[in-house]
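*Asks:* give me a model of this one.
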Amino acid sequence: MLAALASPHRLRIIAALTTGGRNYVSALAREIGISRPLLHLHLQKLQEAGLVASRLELSHDGKALNYFEVVSFALDLTPPAIAEAVKSLTTKPET
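*Replies:* Take a look at the predicted model:
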């Protein structure tokens, strides 16, 4: 979860979905000002971390739209939580 929230783009996505409510990919990409492929990458990371959920819906004209919304979450950032998160790091500290 911490890794997913470590990206400024992902924080902007969470903020946009929190203030604006659920949104579909194309509109969210325009709102945030990033490409749809890059947005998909970030949404996938957020979804894997359990921070956003998606639902495919049909528009009035029959187009399939993938809507995303924030999943309610709380992060209690304490020293033990950080110690646990460090176990999942994939990079080694610089020497």
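*Asks:* mind listing what's buried in stretch 46-66?
*Replies:* The neighbour-count check on stretch 46-66 (16 or more other C-beta atoms under 10 Å) flags L46, A49, L51, V52, S54 as buried. The way it works is simple: take the backbone N, C-alpha and C, and place the C-beta from them, glycine included.
*Asks:* go ahead and confirm the first one touches M1.
*Replies:* Which is L46. No. Using C-beta atoms under 8 Å, L46 is not in contact with M1, being 9.6 Å away.
*Asks:* which residues in this structure form strands?
*Replies:* Here the chain has its strands, by DSSP state E, at 23-24, 52-58, 64-70.
*Asks:* could you pull out the helices for the protein?
*Replies:* Assigned by DSSP state H, the helices in the chain fall at 2-5, 8-20, 25-32, 36-48, 79-86.
*Asks:* of all those helices, which one is nearest D61?
*Replies:* helix 25-32 (13.8 Å; C-beta to C-beta).
*Asks:* mind picking the one among the buried residues of stretch 46-66 that's closest to A83?
*Replies:* Proximity of the buried residues of stretch 46-66 to A83 (C-beta to C-beta) peaks at A49, which lies at 18.7 Å.
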